[in-house]
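> I'd like to go over a predicted model; first the sequence, then the structure.
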Amino acid sequence: MTDSTGFVIFLAVVGASMLFFAAYAAAQRRVRAAPQFAGLMGASAVYALGYSLELSKTTVEDMLAVIRFEYLGIAAVPAFWLLFALAFSTRRRPTPILIAAIFAVPAIILAAVWTNDSFHLYYARVWARHDGPFPVFGFERGPLYWLFSAYIQFCVLVGNGAFIVHALRSPRFVRSQSLVAVLGALAPWLGNTCYQLGLVPWGLDASPFFSVFSGFCFSFALFRLGFFELVPAARDRAIESLRDGFLVVDRTGHVVDSNEAAGRLLGDWTRLLGESLEKGGAGAAELAGIVAKGEGEVEFSLKAPDGAARRLVAQSFPVRGGRRSRSDGSGVMIRDVTENAALLARLNQLAGTDELTGLYNRRRFFKLASREFSIAVREGRSLGAAIFDIDHFKSVNDRFGHAAGDAVLRGFASRLAGALREGDILCRYGGEEFAVVYPSAAPQAAFAATERIRLAACAGPVEWAGGELDIRASAGVYAAVPDRDAVIDDFLEEADKALYEAKAGGRNRTVLASCPAAR
């Protein structure tokens, strides 16, 4: 009688290969269908290793003892195959109810094998066969054996059907993966079919031997077609190529992943991998805040590694695992909005600035002046308003041209701005007119401030390309404690009336409005 050592070693190698595939897939557990594939390979490894041990036994009692262990893998193989096929082809996680339904028959079969000595529902009768080169397990099939055979056929047909349909509807690279997986599953199925039909000599179970072809197919799919590497590789490349920073934070607030852009924006955050998010530098408190909330958005400033001041916007979102109600952590996208923020600030400035003089325009002026007016009304304090007008400005344009007129306007505006108190609000009111609002200014104080500013603005000629031009200006001022029914326009109107009096009285002077306070 020939020794079974060669078969035992062969099956042990097959089982070890399956364990390798199981470990590889388990390491890719975040990838679609990888957990189910790991289960399939693990169950196949138990099957092959168990059968190698079975072939080394010589008595039926020892064989049965090994078979009880072996069926931990045999019963689970078709179930994991079906789950794997469905998860890969439908892109959906199997529900607990589906998993329970698929594993119901394997659970019954495993119980029947383990209690076969008492009930004989799986093996009606067992013995050790000696008609071959070495002893093998012989048996007469019981009713549950036929149930399990039908279950195997069902799982293989449904699983392969799902893969084939998926292959026909998928891009070429996915189609190749699906077809190779189908071929890998057909080999053990053919071995089992041959075994059931008695076509294998000496009563050997051919399924583990046919797993060699399965191993070849799955090796090709894993290492040549990138069965589980395609999606992660694409994802990693996409994340690393992002201009936006990306952080992954677990439920305890520890940084578990980051891309290169995050390092550029935040500094060397890769040193924080495995550390608490709060240990980061600038921006860590803001990021920790939105991560703690689960989701949200925050904008903050920091000095980038290159020394430049940057404005960043971070958005946090939950990352969920298998249970929909539970968050496994947070993903944080970080965008550099420095240029956008600067552009927006510039646009806001332009929207409220007079292009020629650089002072506030009427729109911005009325917004700020109305706010001060409301404060004065609420607190019952006096407010002053003044309007300045450059005397004989039209003659400057007529005699020297608009370039000279523009030079006069810019020079006059600059001198006005330089003479203001802190808190005063100045604008180019229109043409050669300029308006000022004095918060908390009584009539005489407003008059004194206006005259001082007018004299400063007219002190000395303005230079331009054609020479020098003297400036003269008139001003009207009004101040009072505003009535609750009044508006800032009422004060400017009174100041304009005073300006008219100044011009009518010979120009180059300041007039305080003589009308009673709006109280």
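Nice, thanks for sending it over. Numbering: from 1, shown residues only.

> Could you pull out the helices in the stretch 401-519 of the chain for me?
402-419, 443-457, 488-504 (DSSP state H, counting those that start in this stretch).

> cool, the stretch 1-150 of the chain as well?
Going by DSSP H, counting those that start in this stretch, the stretch 1-150 of the chain shows helices at 5-27, 34-55, 60-74, 77-90, 96-102, 104-114, 116-119, 143-169.

> Take these and write them to CSV, including distance to residue 329, mean pLDDT and mean neighbour count.
C-betas here are computed from N, CA, C, even on glycine. CSV is the format used below for the helices of the stretch 1-150 of the chain (distance: least, C-beta to C-beta, whole Å; pLDDT from 0 to 100; neighbours: other C-beta atoms under 10 Å):
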stretch, distance to residue 329, mean pLDDT, mean neighbour count
helix 5-27, 19, 87, 18
helix 34-55, 19, 90, 24
helix 60-74, 34, 94, 19
helix 77-90, 23, 86, 24
helix 96-102, 23, 93, 13
helix 104-114, 34, 96, 18
helix 116-119, 47, 93, 12
helix 143-169, 31, 87, 17
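
> Just send those back as a markdown table, with distance to residue 209 too.
Output for those, formatted as a markdown table (distance: least, C-beta to C-beta, whole Å):
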| stretch | distance to residue 209 |
| --- | --- |
| helix 5-27 | 7 |
| helix 34-55 | 9 |
| helix 60-74 | 14 |
| helix 77-90 | 15 |
| helix 96-102 | 26 |
| helix 104-114 | 21 |
| helix 116-119 | 25 |
| helix 143-169 | 17 |
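
> how about those helices, which one is nearest residue 460?
Ranking the helices of the stretch 1-150 of the chain by proximity to residue 460 (C-beta to C-beta) places helix 5-27 first, at 81.0 Å.

> now the closest one and helix 34-55, what's the angle there?
Angle of helix 5-27 versus helix 34-55, following axes from the mean of the first three to the mean of the last three C-alpha atoms, to 10 degrees, is 160 degrees.

> Show me what helix 5-27 is packed up against.
helix 34-55, helix 207-219 (3 or more C-beta pairs under 8 Å, 6 or more residues apart in numbering; DSSP states H and E).

> Tell me which of those helices lies nearest to residue 97.
Once these are compared by C-beta to C-beta, helix 34-55 is nearest, at 16.0 Å.

> Return the distance of that closest one from the chain's centre.
39 Å (C-alpha atoms, centre = their mean, to the nearest Å).

> next one: stretch 67-85
With C-alpha atoms, centre = their mean as the basis, stretch 67-85 stands 39 Å off its chain's centre.

> Stretch 9-22 now?
On C-alpha atoms, centre = their mean, the centre of stretch 9-22 falls 40 Å from the chain's centre.

> Dump that stretch to PDB, keeping only the CA atoms.
Only the C-alpha atoms of stretch 9-22 are listed here, as PDB (Å, rounded to 0.1, in the frame of the first residue of the first chain):
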ATOM      1  CA  ILE A   9       2.000  17.800   1.600                       C
ATOM      2  CA  PHE A  10       0.300  18.900  -1.600                       C
ATOM      3  CA  LEU A  11      -3.000  19.700   0.200                       C
ATOM      4  CA  ALA A  12      -1.000  21.500   3.000                       C
ATOM      5  CA  VAL A  13       0.600  23.800   0.400                       C
ATOM      6  CA  VAL A  14      -2.900  24.400  -1.100                       C
ATOM      7  CA  GLY A  15      -4.200  25.300   2.400                       C
ATOM      8  CA  ALA A  16      -1.300  27.600   3.200                       C
ATOM      9  CA  SER A  17      -1.900  29.400  -0.100                       C
ATOM     10  CA  MET A  18      -5.500  29.900   0.800                       C
ATOM     11  CA  LEU A  19      -4.500  31.300   4.200                       C
ATOM     12  CA  PHE A  20      -2.300  33.800   2.400                       C
ATOM     13  CA  PHE A  21      -5.200  34.900   0.200                       C
ATOM     14  CA  ALA A  22      -7.400  35.200   3.300                       C
END
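
> out of the helices of the stretch 401-519 of the chain, nearest to residue 373?
helix 488-504 (4.4 Å).

> could you give the mean pLDDT of stretch 276-292?
For stretch 276-292, mean pLDDT is 75.

> What distance separates the opening and closing residues of it?
12 Å (C-alpha to C-alpha, to the nearest Å).

> ok, back up a step: including mean neighbour count and mean pLDDT, could the helices of the stretch 401-519 of the chain go into a markdown table?
Formatted as a markdown table, the helices of the stretch 401-519 of the chain follow (neighbours: other C-beta atoms under 10 Å; pLDDT from 0 to 100):
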| stretch | mean neighbour count | mean pLDDT |
| --- | --- | --- |
| helix 402-419 | 18 | 93 |
| helix 443-457 | 19 | 95 |
| helix 488-504 | 19 | 95 |
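
> what would those helices look like in JSON lines with distance to residue 339?
Shown next, in JSON lines, are the helices of the stretch 401-519 of the chain (distance: least, C-beta to C-beta, whole Å):
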{"stretch": "helix 402-419", "distance to residue 339": "29"}
{"stretch": "helix 443-457", "distance to residue 339": "38"}
{"stretch": "helix 488-504", "distance to residue 339": "36"}
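
> Out of these, which is closest to residue 28?
helix 402-419 (66.4 Å).

> Show me the chain divided up by domain.
According to automatic domain parsing, the chain comprises the domains 5-233, 242-338, 352-512.

> sorry, back to before: now for the helices and strands packed on helix 5-27, which one comes closest to residue 368?
Closest among these, using C-beta to C-beta: helix 34-55, at 61.7 Å.

> ok, and what's touching the longest strand along the chain?
Identified as the longest strand of the chain according to DSSP state E is strand 309-320. If you take C-beta atoms under 8 Å, 6 or more residues apart in numbering as the criterion, strand 309-320 is touched by 248, 265, 283, 286-287, 290-291, 293-304, 326-338, 341-342.

> Which one, of the helices of the stretch 1-150 of the chain, ends up nearest to residue 379?
Per C-beta to C-beta, nearest to residue 379 of these: helix 96-102, 66.7 Å.

> and that closest one, what does it pack onto?
Judged by 3+ C-beta pairs under 8 Å, 6+ apart, helix 96-102 is in contact with helix 77-90.

> Tell me which other helices or strands the helix it packs on touches.
helix 34-55, helix 96-102, helix 104-114, helix 143-169, helix 172-196.

> got the contact list for it?
32-33, 35-37, 39-40, 42-44, 47, 92-94, 98-99, 102-103, 105-106, 151-152, 154-156, 158-160, 162-163, 165-166, 178, 181, 185, 188.

> so how far is it off the chain centroid?
30 Å.

> report the angle between the axes of that helix and helix 34-55?
160 degrees.

> What about residue 477, how many residues nearby?
32 (other C-beta atoms under 10 Å).

> Ok, residue 365 next?
24.

> got it, and the one 5 residues further on?
Residues within reach of residue 370, counting by other C-beta under 10 Å, total 14.

> any idea how far residue 450 is from the closest residue in space to residue 447 that isn't next to it in sequence?
Spatial nearest neighbour of residue 447, chain neighbours left out: residue 512 (4.3 Å); criterion: C-beta to C-beta, 6 or more residues apart in numbering. Distance, residue 512 to residue 450, by C-beta to C-beta, to the nearest Å: 8 Å.
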